[in-house]
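Engineer: Sharing a model that was predicted from the sequence below.
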Amino acid sequence: MKMAAYFTGRKAFSSLLSTVTVGSTVITSKNVSYCDVQQKNEELLKNQLAEKQRAVLKRRMTPIGRFSLKSETKYNPSNPTFFIALSGEGKNPKDASMQSIQQSGEEIGLSASEFESAWLSRGIPGRHQRFHSTVSKNDDRYFEYKQGKEGALADLSRHTRETLHTSDYREDLKKRIEGLLETPIDVNEKLWEVQISTGTLGKSGAIGMETVKNIKEASSNKGKKMIESLLLFRCHHCLCDAVSLTAVLGDLLDEAEEIREMIRQEILNRRARSASTWMLLKLLKLFQQLTWILLGTITTLFRQGYLMLTTTKNPFLDVLNRESAQDLEIGKSVSWCDFASVDEVKKVAKAIGPKVTLNDVFVSCVTAAVARQLAEHREKLNALDDNSRHASMHLHKHFNVVIPAHLYSGILPPGREVGNFIGAFVARVPGERAEFTSASDRLSEVHSDLYRVRKSPAPFVSYILARMASTWLPNKWASSLLSSANANAAVVVTNSRGLQKKAHLNGRTIESMVGFLPLPPGLPVGIVISSYGSVVSLSINAEKWAVPDTDKFLRWVQEEYKLLCKEALIK
């Protein structure tokens with residue numbers, strides 16, 4: 001009624017005038033004047049309504065997300081990348097040709113349309129609206145959301161794409177991952193994407209050979225052709241962190257409700273333990289926390305400043321005798337491997353010390369591999385005939401290592417929107433040390449160094465500083481701050497805990513899940529420790545000039561771990 005009255009009044013007003021001026025255009029016809037004004041008013045109202053809708057659908061980006069957006073560089077885009085490999089039984093080629101299978105509509109693997117259907121039917125657009133958003137073109141502090149089922153479906157089709165399956169075992173998949181890590185995402189168009197392909201089981205190398213062998217042996221129908229479906233994801237770090245990403249994937253799985261119940265139960269258990277504590281003990285604990293925050297923050301800032309002042313050069317650049325990486329080989333090099341069972345690694349850790357953790361074990365093994373990589377660089381450079389290039393013979397007895405830490409202890413509480421809730425700390429650990437007599441000695445010292453910093457509020461301090469930087473600093477300064485805050489660390493090592501049992505997507509078993517860390521400016525090597533199905537896997541993303549052969553690097557990590565296993569059995 002209000003709209004009808006508005007246009008009736010507008011018609012009466014326009015009929016009194018023989019000439020109507022709209023903007024800089026003069027219209028002399030009464031009929032044309034009315035129609036034109038009516039059309040312009042309709043467009044004006046539509047634009048106002050659309051503007052109101054956009055205002056409602058805008059949501060502020062987390063400060064850490066914005067910091068990742070501001071601190072990325074051309075050669076170091078902030079693109080976490082990971083793959084999920086599923087197994088299943090396909091149509092036997094002896095029974096029908098591939099063409100007849102496609103014509104019959106029988107699926108031989110997970111398709112993009114099936115993925116989209118699962119995404120919508122399990123309510124992901126409603127649970128995690130951020131995955132149907134883009135960074136606002138007008139203000140990069142905000143996300144702009146899509147709305148409605150049809151809008152979500154249309155938006156989802158921009159994120160999914162079917163591709164040809166990998167043709168060369170591991171090498172083709174490695175090149176695809178490297179390309180995704182090196183290529184920036186246009187965050188004004190989309191924040192994530194997934195490439196989906198299907199082929200013969202084990203062809204891509206995403207599933208380990210031993211796992212492939214076990215799947216074939218356990219197959220109830222020996223006549224069926226075993227296939228794999230590969231989902232290759234990447235997103236921008238401003239979208240969310242790894243824990244939030246795992247929560248979204250959990251909602252997509254067949255076991256989604258079971259996973260949510262498990263998280264709810266864990267939170268209830270934590271609350272119950274807190275509720276059972278006496279009030280006097282709670283007050284004492286509060287006093288301890290305040291003291292911890294005050295003194296720990298001061299200690300953290302002094303420790304960080306000391307590491308930054310005393311580590312004037314990255315060890316890789318120092319060995320290569322370079323001031324910067326500008327003239328060195330550009331590009332990323334990746335690799336991955338299944339390492340050992342979770343139970344085995346924990347046994348090794350406890351054999352070395354009662355408080356040694358799984359993360360300590362792998363930081364020790366990785367830093368031992370870094371030491372071997374630096375030694376190899378020296379050997380190669382000293383063997384060259386070119387006298388203008390020679391390696392630095394200075395041994396780095398300590399390395400700085402960056403360890404990211406989630407502020408919610410690796411669990412995203414129910415109802416909490418996905419985002420970036422991570423901090424980090426820098427620790428100084430043993431490096432190239434000739435005096436080490438055993439791998440367990442290195443691990444013991446690594447544990448001592450990490451434990452001291454892990455118990456401090458360093459992750460919270462870094463989180464607050466990153467928030468301030470994202471709010472007040474321009475992009476160039478934010479990138480410089482991130483690079484200098486790494487204290488010329490040799491490597492960043494992060495730990496991602498997955499499900500203990502294998503999960504399923506539309507009835508297909510997820511055999512492996514492996515992620516790759518985007519390298520922040522100034523950090524040449526990134527390691528991800530992940531566990532899934534009671535198996536620990538390792539992945540590496542490194543600058544090619546620092547680690548030319550990532551497969552060899554992971555072998556060095558494995559060799560150090562085998563030494564630990566041997567020494568743990570002796571003890």
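Structural biologist: Received, thanks.

Engineer: Against residue 397, how distant is residue 318?
Structural biologist: The gap separating residue 318 from residue 397 is 13 Å, by Cβ to Cβ, to the nearest Å. C-beta here means a position set from N, CA and C on the backbone, and glycine is covered the same way.

Engineer: So those two - more neighbours on which side?
Structural biologist: residue 318 (18 against 13; other Cβ atoms under 10 Å).

Engineer: What strand or helix carries that one?
Structural biologist: Using DSSP states H and E, residue 318 maps to helix 315-319.

Engineer: Send me that helix as CSV with only the CA atoms.
Structural biologist: Extracted in CSV, the C-alpha atoms of helix 315-319 (Å, rounded to 0.1, in the frame of the first residue of the first chain):
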residue,chain,number,x,y,z
PRO,A,315,71.0,-20.2,8.5
PHE,A,316,70.2,-21.2,4.9
LEU,A,317,71.2,-17.8,3.5
ASP,A,318,74.3,-17.8,5.7
VAL,A,319,75.5,-21.2,4.4
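
Engineer: Show me the contact partners of it.
Structural biologist: Outside helix 315-319, the residues within contact range by Cβ atoms under 8 Å, 6 or more residues apart in numbering are 323-325, 370, 373-374, 377-378, 391-392, 394, 396, 399, 431, 488, 490, 524-525, 545-546.

Engineer: Just the ones in helices from those residues, please.
Structural biologist: The helices, defined by DSSP state H, take in 370, 373-374, 377-378 from the contacts of helix 315-319.

Engineer: for the helix holding residue 318, what is the average pLDDT?
Structural biologist: Averaged across helix 315-319, the pLDDT comes to 93.

Engineer: quick one: it to chain centroid distance?
Structural biologist: 27 Å (Cα atoms, centre = their mean, to the nearest Å).

Engineer: List the buried residues for that helix?
Structural biologist: 315-319 (16 or more other Cβ atoms under 10 Å).

Engineer: just curious, which of the residues you listed is nearest to residue 131?
Structural biologist: Checking those against residue 131 with Cβ to Cβ, the nearest one is residue 316 at 36.3 Å.

Engineer: Could you list the domains of this structure?
Structural biologist: 2-59, 81-235, 327-502+509-570 (automatic domain parsing).

Engineer: Among these, which one carries the weakest average confidence?
Structural biologist: Among the domains of the chain, domain 2-59 scores lowest, at a mean of 41.

Engineer: So which bits of the strand or helix carrying residue 553 are buried?
Structural biologist: Secondary structure assigned from DSSP H and E places residue 553 in helix 550-570. Judged by neighbour count (16+ other Cβ under 10 Å), helix 550-570 contains these buried residues: 550, 553-554, 556-558, 560-561, 563-565, 567-568.

Engineer: For the chain, which residue occupies the most central location?
Structural biologist: With distances taken as Cα atoms, centre = their mean, the residue of the chain nearest its centroid is residue 80 (3.7 Å).

Engineer: Might you report the residue contacts of it?
Structural biologist: So residue 80 contacts 234-235, 237, 242, 245, 515-518 (Cβ under 8 Å, 6+ apart).

Engineer: what do you get if the cut-off is 10 Å, keeping everything else the same?
Structural biologist: 68, 180-181, 192, 233-237, 239-242, 245, 515-518, 528, 541 (Cβ atoms under 10 Å, 6 or more residues apart in numbering).

Engineer: Let me see the backbone angles for the closest residue to residue 177 other than its chain neighbours.
Structural biologist: Spatially, and ignoring its direct neighbours in sequence, residue 177 is nearest to residue 334 (5.1 Å; Cβ to Cβ, 6 or more residues apart in numbering). Note on residue 334: its backbone torsions stand at phi -130, psi 160 [degrees, to the nearest 10].

Engineer: Please tell me how far residue 334 sits from residue 168.
Structural biologist: 15 Å.

Engineer: now swap in residue 350 and tell me
Structural biologist: 41 Å.

Engineer: Likewise for residue 544?
Structural biologist: Going from residue 544 to residue 168 by Cβ to Cβ gives 19 Å.

Engineer: higher neighbour count, these two?
Structural biologist: Comparing residue 544 with residue 168 by other Cβ under 10 Å, the one with more neighbours is residue 544, at 16 against 12.

Engineer: separation between that one and residue 431?
Structural biologist: According to Cβ to Cβ, residue 544 stands 22 Å off from residue 431.

Engineer: related to what we said a few turns ago, with the buried residues of helix 315-319 in mind, which one is nearest to residue 423?
Structural biologist: Closest to residue 423 out of the buried residues of helix 315-319 is residue 315 (24.1 Å), distances taken as Cβ to Cβ.

Engineer: same question for stretch 243-260, mean pLDDT?
Structural biologist: 89.

Engineer: Which parts of the stretch 251-400 of the chain are helices?
Structural biologist: 256-275, 279-310, 315-319, 342-352, 358-383 (DSSP state H, counting those that start in this stretch).

Engineer: Give me the nearest residue to residue 73, chain neighbours excluded.
Structural biologist: residue 521 (5.3 Å).

Engineer: repeat for residue 201
Structural biologist: Nearest one to residue 201, counting by Cβ to Cβ, 6+ apart, is residue 226 at 3.9 Å.

Engineer: ok, that neighbour touching residue 211?
Structural biologist: No: using Cβ atoms under 10 Å as the test, residue 226 is too far from residue 211 to be in contact (11.6 Å).

Engineer: Mutual contacts of the two, please.
Structural biologist: What both residue 226 and residue 211 touch, as defined by Cβ under 10 Å, 6+ apart, is the set 87, 201-202.

Engineer: could you dump the residues you listed to JSON lines with neighbour count?
Structural biologist: Formatted as JSON lines, those follow (neighbours: other Cβ atoms under 10 Å):
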{"residue": "87", "neighbour count": "23"}
{"residue": "201", "neighbour count": "23"}
{"residue": "202", "neighbour count": "22"}
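
Engineer: In strands only, show me those residues.
Structural biologist: If you go by DSSP state E, the shared contacts of residue 226 and residue 211 have residue 87 in strands.

Engineer: Save the shared contacts of residue 226 and residue 211 as TSV, and put in distance to residue 128 too.
Structural biologist: Formatted as TSV, those follow (distance: Cβ to Cβ, whole Å):
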residue	distance to residue 128
87	27
201	31
202	32
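
Engineer: hmm, back to that, send over the one helix or strand the residue nearest to residue 201 maps to as CSV, restricted to the C-alpha atoms.
Structural biologist: Element membership of residue 226, judged by DSSP H and E, is strand 225-235. Output in CSV follows, covering the C-alpha atoms of strand 225-235 (Å, rounded to 0.1, in the frame of the first residue of the first chain):
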residue,chain,number,x,y,z
LYS,A,225,38.4,-52.5,-10.1
MET,A,226,39.6,-50.4,-7.1
ILE,A,227,39.5,-46.7,-7.7
GLU,A,228,40.5,-43.5,-5.8
SER,A,229,38.9,-40.1,-5.7
LEU,A,230,41.2,-37.2,-5.1
LEU,A,231,40.0,-33.9,-3.6
LEU,A,232,42.7,-31.2,-3.9
PHE,A,233,41.7,-28.1,-1.8
ARG,A,234,43.2,-24.7,-1.3
CYS,A,235,41.9,-21.6,0.5
